[in-house]
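*Asks:* heads up, no residue letters with this:
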DNA sequence: TCGACGATGACCT
DNA sequence: GGTCATCGTCGAA
């Protein structure tokens, strides 16, 4: 049932399998008392040690990537194209900069607030089918960067164990990574309509 | 300091 | 299909 994922879950050393196992779980936020959440539909894994697509490659610590070197179980949120906030889950132990990008959710909790945040009239697939849209739906902002996922502002709950087929494919928007762009490190729930792209 | 650029999305044709 | 908004980050100077 709906238990909050514990710190140990995020400390695992295989970011690819964590990205896969996050599908179907529920990402939740509490923004000044407004609780919203959605089922995780699509994720991508990024591994700072071996993966050119990662901001932390090759094991590169800067002011921005520092958060990924912390022990898993905290949020990495960064500004993309000067406009969009992209939410990642830091994984692995201290000093191993891995993270999982959440690319799409299916809204399940506080849907009326999600619709309002997106300036929409009703719930459609388009509202949360992309990484920047996920942050917008759930009210995730840059001040969530470094926030623990074991706290009260943002967290992840075990989904009800429903069976779903998983599609594994290449990541989006990482052409700059050369052959690492070909790694099958993007995962999504098959036949779910909230997928960001086919 | 300064300049190039990005793990995107909204809107247009 | 194409354009472009908009600003923090990072490496060069």
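*Replies:* Here it is on my side, so go on. These numbers were taken from a predicted model, which means no experiment stands behind them. Numbering: from 1, shown residues only, chains lettered A, B, ... in the order given.
*Asks:* and the helices in chain A?
*Replies:* In chain A, the helices defined using DSSP state H lie at A:7-10, A:15-21, A:111-117, A:131-138.
*Asks:* out of these, which is the most enclosed?
*Replies:* Among the helices of chain A, helix A:131-138 has the highest mean neighbour count (mean count of other Cβ atoms under 10 Å), at a mean of 24. To be clear about C-beta, it is placed using only N, CA and C from the backbone, and glycine gets the same treatment.
*Asks:* hmm, it touching DNA strand C?
*Replies:* No. Using Cβ under 7 Å from any atom of the strand, helix A:131-138 stays clear of DNA strand C, with a minimum separation of 9.6 Å.
*Asks:* ok so, going back, so which of the helices of chain A gets nearest DNA strand B?
*Replies:* Among the helices of chain A, helix A:131-138 comes nearest to DNA strand B, with 3.5 Å by Cβ to the nearest atom of the strand.
*Asks:* show the average pLDDT along the closest one.
*Replies:* Mean pLDDT, helix A:131-138: 98.
*Asks:* how about that helix and DNA strand B, touching?
*Replies:* Yes. Applying Cβ under 7 Å from any atom of the strand, one finds helix A:131-138 touching DNA strand B at A:131-133, A:136.
*Asks:* surely residue A:16 is in contact with residue A:46?
*Replies:* No. Using Cβ atoms under 8 Å, residue A:16 makes no contact with residue A:46, being 9.7 Å away.
*Asks:* now do the shared contacts for the two.
*Replies:* Common neighbours of residue A:16 and residue A:46, counting by Cβ atoms under 8 Å, 6 or more residues apart in numbering, are residue A:185.
*Asks:* contacts only, for residue A:96.
*Replies:* A:13, A:48-49, A:69.
*Asks:* same question for residue A:47.
*Replies:* Neighbours of residue A:47 in contact, by Cβ under 8 Å, 6+ apart: A:15-16, A:54, A:97-98.
*Asks:* nearest to residue A:63, of these?
*Replies:* Minimum distance to residue A:63 across these is 13.6 Å, recorded for residue A:97 (Cβ to Cβ).
*Asks:* now the closest one: phi and psi?
*Replies:* When read as degrees, to the nearest 10, the backbone of residue A:97 gives phi -80, psi 80.
*Asks:* residues from chain A in reach of DNA strand B?
*Replies:* A:44, A:46, A:53-56, A:76, A:79-84, A:86, A:88, A:99, A:101, A:118, A:126, A:130-133, A:136, A:172-174, A:176, A:196.
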